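A.B. asks: next come a sequence and a model predicted from it.
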Protein chains: 2
Amino acid sequence: MRLTTLSDYALRVLMYSAASGDKLITIEETARTYGISRAHLMKVVNILVRRGFLKGVRGRSGGFMLAKLPEAIRVGDVVRATEADFALVECFATGSQCIVTGCCKLPSMLNEALNAFIVTLDKYTIADLMLKPSDFSAPTRARSSRTRGPTIKIDARA
Amino acid sequence: MRLTTLSDYALRVLMYSAASGDKLITIEETARTYGISRAHLMKVVNILVRRGFLKGVRGRSGGFMLAKLPEAIRVGDVVRATEADFALVECFATGSQCIVTGCCKLPSMLNEALNAFIVTLDKYTIADLMLKPSDFSAPTRARSSRTRGPTIKIDARA
């Protein structure tokens, strides 16, 4: 199960914007900081501006910043805005070819689980993800092959 | 956000097996019923046999059936078995290059949401998804371009 790159990058942009406070930041600077694609970021920033999470300032010394306080931006709302497609399984999308579409009970069950996922994210705001500006200029060891994998635990209440 | 095709097909195989009761079914039959790839199904059935959800019988008149009662197979456990990779965002995977890996608070928040998703699915078993054998031989209109899309509602508790 994966979120789209759009959601991943959107949360990173908002975290970097939050750490930057009132300072305008640019797509170039954000792309360089995270070492990610400028083209992808442009799309992400456009969505975040359109949805009212970021405020853009045009011009040579332009850039963007948070459009509201970090505590006013719920993580669930960001994911709702960027995950245009919550098609967990084929039949959620248009044009399902599955023979049991119409009598299958899986969609409502998956919808309930999806709601539980999103509602959990609604408990948090960008303020809960706040980092210090210095966290974004970490020494190179932070870019090593460390992984967060082992921290992942899926409850197995057998 | 999407589940893998593996999870989608695994749930379909278990639902078809459950509807077939004690009757052995085959990969060919299941592939034909759902109109999906035989190769993909082979992989899915292998995993489901290995994980003890299906019981395979070799030989010319062989096939597979549920290895336990439908009410003993939790949907959450099936998804755990088939979603090898719950890498919701880049840093969940090995070799994360994100500069804030190490101080970022996003992974624990996403893990909590992921657990809420899986724990919801744990409330249900294959018995809750049971269909009648006749549901799998529906007339062709069931294969039309109907969609379950509009039934999806992500709570927006603003």
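C.D. replies: All right, it came through fine.
A.B. asks: point me to the residue sitting farthest from the middle of chain A.
C.D. replies: A:I99 (34.4 Å; C-alpha atoms, centre = their mean).
A.B. asks: and that residue, how far from A:L114?
C.D. replies: Distance, A:I99 to A:L114, by C-beta to C-beta, to the nearest Å: 23 Å. C-beta here means a position set from N, CA and C on the backbone, and glycine is covered the same way.
A.B. asks: re the thing from before, give me phi/psi at the residue farthest from the centre of chain A?
C.D. replies: For A:I99, the backbone dihedrals are phi -70, psi -30 (criterion: degrees, to the nearest 10).
A.B. asks: do the same with A:G59
C.D. replies: Here is the backbone geometry of A:G59 (degrees, to the nearest 10): phi 110, psi 170.
A.B. asks: what about the closest residue to A:S37 other than its chain neighbours, which SS state?
C.D. replies: Nearest residue to A:S37, sequence neighbours excluded (C-beta to C-beta, 6 or more residues apart in numbering or on different chains): A:A31, at 6.7 Å. Here A:A31 is recorded as helix under DSSP: H, G, I helix; E, B strand; the rest coil.
A.B. asks: state the pLDDT value of A:A31.
C.D. replies: On pLDDT, A:A31 comes in at 94.
A.B. asks: who touches it in this structure?
C.D. replies: A:37-38, A:41 (C-beta atoms under 8 Å, 6 or more residues apart in numbering or on different chains).
A.B. asks: count of residues packed around A:T120?
C.D. replies: A:T120: 20 surrounding residues under other C-beta atoms under 10 Å in any protein chain shown.
A.B. asks: now do the contacts for it.
C.D. replies: Contact analysis of A:T120 by C-beta under 8 Å, 6+ apart lists A:76, B:112-113, B:116.
A.B. asks: same check on A:A116?
C.D. replies: By C-beta under 8 Å, 6+ apart, the neighbours of A:A116 are B:113, B:116-117, B:119-120.
A.B. asks: dump the residues you listed to a markdown table, plus pLDDT, secondary structure and distance to B:I27.
C.D. replies: Below are the contacts of A:A116 laid out as a markdown table (pLDDT from 0 to 100; DSSP: H, G, I helix; E, B strand; the rest coil; distance: C-beta to C-beta, whole Å):
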| residue | pLDDT | secondary structure | distance to B:I27 |
| --- | --- | --- | --- |
| B:A113 | 94 | helix | 35 |
| B:A116 | 95 | helix | 34 |
| B:F117 | 95 | helix | 29 |
| B:V119 | 95 | helix | 32 |
| B:T120 | 96 | helix | 30 |
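A.B. asks: out of those residues, which is nearest to B:V89?
C.D. replies: Closest approach between the contacts of A:A116 and B:V89, by C-beta to C-beta: B:A113, at 11.4 Å.
A.B. asks: ok, the residue nearest to that closest one when sequence neighbours are not counted to A:A127 distance?
C.D. replies: Among residues not flanking B:A113 along the chain, A:T120 sits closest, at 4.0 Å (C-beta to C-beta, 6+ apart). Applying C-beta to C-beta, the value for A:T120 to A:A127 is 17 Å.
A.B. asks: likewise A:H40?
C.D. replies: The gap separating A:H40 from A:A127 is 25 Å, by C-beta to C-beta.
A.B. asks: more neighbours: the two, which one.
C.D. replies: Per other C-beta under 10 Å, whichever of A:H40 and A:A127 has more neighbours is A:H40, with 15 against 12.
A.B. asks: near chain B at all, the host helix or strand of that one?
C.D. replies: Element membership for A:H40, per DSSP states H and E: helix A:38-50. No. Figure legend: helix A:38-50 not in contact with chain B (C-beta under 8 Å from any C-beta of the partner chain); closest approach 11.9 Å.
A.B. asks: chain center to that helix: distance?
C.D. replies: Averaged C-alpha coordinates place helix A:38-50 at 12 Å from its chain's average position (C-alpha atoms, centre = their mean, to the nearest Å).
A.B. asks: now that helix: mean pLDDT?
C.D. replies: Averaged across helix A:38-50, pLDDT comes to 95.
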